[in-house]
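# Just to be clear, the model below is a prediction. Sequence and coordinates:
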Amino acid sequence: MFLAVFVISGIGAALAALLVIAERVITNYGDVDIDVNNGGRKFTIRGGDSLLESLTAQKIFIPSACGGRSTCGYCKVKVLEGGGTVLPTEEPFLDGAERKNGIRLSCQVKVRSDLRIEIPSFLLAVREYTCRCEKIIDQTYDIKQFDFKLLEPDIIKYKPGQYVQLLTPKYEGNSEEVYRAYSISSDPNDNTRFELIVRRVASGICTTYLFDHLKENDKVRINGPYGEFYLRDTGAPIVFIAGGSGIAPIKCILHDMANQQNKRRAVFFFGVRGMKDLFLFDEMPEFEKKLADFKYVPVISQPEPDDNWTGATGRVTDIAAAYLEKQSDAKDHECYLCGSPGMIDSSIEVAAQYGIAQDKIYYDKFS
Amino acid sequence: MNTGNYFLHLLVILFASIFTENMLLARFLGMCSFLAVSRQVKTAVGLGAAVVVVMTFTVMLDWLAYRFVLQPFGIEYFRFILFIIIIAAFVQFLEMAIERYSPPLYQNLGIFLPLITVNCAILGASLFMVIREYDFVESIAFGLGSGLGWMLAIIAMAGIRQRLNNARIPYGLQGPGIALIIAGIMALIFIGFTGVLAGQ
Amino acid sequence: MKKSPQTQKLERMLGASKISSCGFLGIDRRGVDEIIEADAAEIARLGKTNEQIAERMRELTELAKTGLGDWVNAGEQIEVSVDDSRGRIPCPWSHGVRCSKMITTCRRLDTRVSIRWSELNIHMIETHGFFEGKGAAFRVEPKLLIKVIF
């Protein structure tokens, strides 16, 4: 009887030992060199993790929304060498051209041999920052402004108009850390702090955190900057069109123009639904004084009778069209748009109608 | 028994375990994953292939363990425990190896392996092999055949269930209900093979 | 019952995850397949198809978009509006579809009933027959939906 128990236990133990050894041998990929952007960054790590995890550990932030589960398809990188074959989990996210160019989902590429990869160079400039929330200001019933002071590193460099990703920690009702993107809206002159203007999203993970859980003096982590939405350095007259919290990057650009004593002709059409959605009553007209040739046009689409609204009324794009109609050089304007896809689409239509070239229209579609 | 006869005998075991003695439809083993993972032919093929591989190899390993460990010590009654340990360890090992050496294969086949560890058809094959006193080569034929039979049944089931999507099924019978009825009818069909091959 | 690895992954994505804090299953204890089957039966009983429903929802959303956030009249007794939020939300089926976070609200002037849906709802109803689990933030109750939009 003892013998029997001994034999069975022995076999069990032997198999367990065998599995442990096998795991050591099989899942050990050794040291692996990763070369980013042809020598732009080089490092050696232990293989075995996904490329996305390995890059994040090296503080290279590839945007990703689903947490490495091949669901969002954001974390694309170009793998020049060592990525292996495309997995079935990646296939739905890659079109023919991308497959030919070696584009992969970095969350699905496992680091098992030396890798050479290419990522957009601005991603190498992306840093992670810790900051403290200095102030929370109610702007409207569903828009708040958050002022942050940078702690570590204590300075952020960005182009006015770019955005950062804010890390939402776990809180009651949210079981995972996620990143969500918000445009910087503050004066870029003071690069030790920044502000975000955020509108509450129905059941949004991050906005619920910001609106209901974040308190003044709380610490948050962000990374950035990201984005191609910034003022192009030309002399062309400018039309800004924004709706709701889309005002954020435009405000940042206006601060910058004021700092640079920019003399370009500019007009800003800011569309909201009702009087109760309008905010920054003092700050925006202030820019008209600071800038040589700037006009701020708030537009309300459905004013209530007791709003006593005397300003522009209607769809913001119609008001912008009426403005362009009066300009003799309408087709020379540059358009900067920020807001909902619907607003951007109809703004693009308006711009095209007045002969503004597609490549002179810059926008930060909420995507 | 001369070699030719022996070879024929192996073929009989192989085909008997695929058709007349189908693990799933004659013995109703491995029913759980059979019902749960037979919605699409593609996943059914993946799971079926994984079962074929695991069944063939675990029957071999279990035969060796039975013949050279359990029998010499006279502790055959421990075979349930030992077989399960061996199956679990083998599946673990296989999963690791496939993930390391062939990521595409892992995506198609490897992800099903954890599902198989507790598949009773696998253990059933090893136990039948003992009851029927197969020798080593016969056991391989039996394991392979049983695996193929299981795969055949689940692919057929998946094919039928895919067609079923377009059918109007009474409310109370939707889902597992109709699947069990189909499994029953398929079992009846396979009973028709009885007597064609005397496999045991 | 055992579930295939694909279903397991899907249900992991449908639960509370990085793409939706409250998840798509709500307080529903049923599996995703059961939810889809039950809703399909309900839809069939009401004499509609998922395609018809999705098409009508899309039509209303397109109409609502022209209002840039204001109420738009969509035939007698129906008004619709859209509300946009930044970012896109991936389809939990992990097949490369990403929808905007545009939410359409549809209200009936006669019955005062209103219902809301996102672009992802339209996609999931059309492609996967999925109306989300009971108690989920964006569950679209088929019966109510059909009453409001048709």
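In hand now; what should we look at? Owing to the predicted nature of the structure, the values given are computational and were not obtained by experimental measurement.

# Going by C-alpha atoms from here, please, whenever you check contacts or count neighbours.
Will do.

# quick one: contacts for A:Phe269?
Counting by CA atoms under 8 Å, 6 or more residues apart in numbering or on different chains, A:Phe269 touches A:Val239, A:Phe240, A:Ile241, A:Ala242, A:Tyr296, A:Val297, A:Pro298, A:Val299, A:Val316, A:Ile319, A:Ala320.

# can you rerun that using 10 Å?
By CA atoms under 10 Å, 6 or more residues apart in numbering or on different chains, the contact set of A:Phe269 is A:239-243, A:247, A:295-299, A:312, A:316-317, A:319-320, A:323, A:337.

# Also near chain B: which of these, exactly?
Checking those against chain B by CA under 10 Å from any CA of the partner chain, not one of them is in range.

# what's the distance between B:Val54 and B:Ile131?
20 Å (CA to CA, to the nearest Å).

# can you give me the helices in chain C?
C:5-14, C:32-45, C:50-65, C:119-123, C:142-149 (DSSP state H).

# tell me the most buried of those?
helix C:119-123 (a mean of 22; mean count of other CA atoms under 10 Å in any protein chain shown).

# Kindly export that one (C-alpha atoms) in CSV.
As requested, the backbone C-alpha atoms of helix C:119-123 are provided in CSV (Å, rounded to 0.1, in the frame of the first residue of the first chain):
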residue,chain,number,x,y,z
GLU,C,119,-23.1,53.5,-33.4
LEU,C,120,-21.7,50.4,-31.9
ASN,C,121,-25.3,49.3,-31.0
ILE,C,122,-26.2,49.6,-34.7
HIS,C,123,-23.2,47.6,-35.8
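
# hmm, back to that, give me the more crowded residue out of B:Val54 and B:Ile131.
More crowded of B:Val54 and B:Ile131, by other CA atoms under 10 Å in any protein chain shown: B:Val54, with 23 against 9.

# tell me which element the more buried one falls in.
According to DSSP states H and E, B:Val54 maps onto helix B:41-65.

# For that helix, could you pull out the residues that count as buried?
Buried residues in helix B:41-65, counted by 16 or more other CA atoms under 10 Å in any protein chain shown: B:41, B:43-52, B:54-63, B:65.

# how distant is it from the center of its chain?
Offset of helix B:41-65 from its chain centre (CA atoms, centre = their mean, to the nearest Å): 6 Å.

# From the contact counts, what lies against the following helix or strand past it?
On the C-terminal side of helix B:41-65, the closest following helix or strand by DSSP H and E is helix B:71-73. Of the remaining helices and strands, those touching helix B:71-73 by 3 or more CA pairs under 10 Å, 6 or more residues apart in numbering or on different chains; DSSP states H and E are helix A:2-26.

# can you tell if the next helix or strand after the helix it packs on touches chain B?
Note on helix A:2-26: by DSSP H and E, the next helix or strand toward the C-terminus is strand A:31-36. No. Figure legend: strand A:31-36 not in contact with chain B (CA under 10 Å from any CA); closest approach 15.1 Å.

# Using PDB, list the CA coordinates for the following helix or strand past strand A:31-36.
Per DSSP H and E, the first helix or strand lying C-terminal to strand A:31-36 is strand A:41-46. Output of strand A:41-46 as PDB, limited to C-alpha atoms (Å, rounded to 0.1, in the frame of the first residue of the first chain):
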ATOM      1  CA  ARG A  41      16.500  53.800 -29.700                       C
ATOM      2  CA  LYS A  42      18.200  50.500 -29.000                       C
ATOM      3  CA  PHE A  43      17.800  48.300 -26.000                       C
ATOM      4  CA  THR A  44      18.300  44.700 -24.800                       C
ATOM      5  CA  ILE A  45      15.500  43.000 -22.900                       C
ATOM      6  CA  ARG A  46      14.500  39.500 -21.900                       C
END
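
# ok so, going back, out of the buried residues of helix B:41-65, just show me the ones up against chain A, please.
Okay, of those touching chain A (CA under 10 Å from any CA), that's B:Ala65.

# who touches the nearest residue to A:Asp293 once chain neighbours are set aside in this structure?
The spatial neighbour of A:Asp293 that comes closest, neighbours along the chain excluded (CA to CA, 6 or more residues apart in numbering or on different chains), is A:Arg265 at 4.9 Å. Applying CA under 10 Å, 6+ apart to A:Arg265 gives the contacts A:Gly235, A:Ala236, A:Pro237, A:Ile238, A:Val239, A:Leu291, A:Ala292, A:Asp293, A:Phe294, A:Lys295, A:His333.
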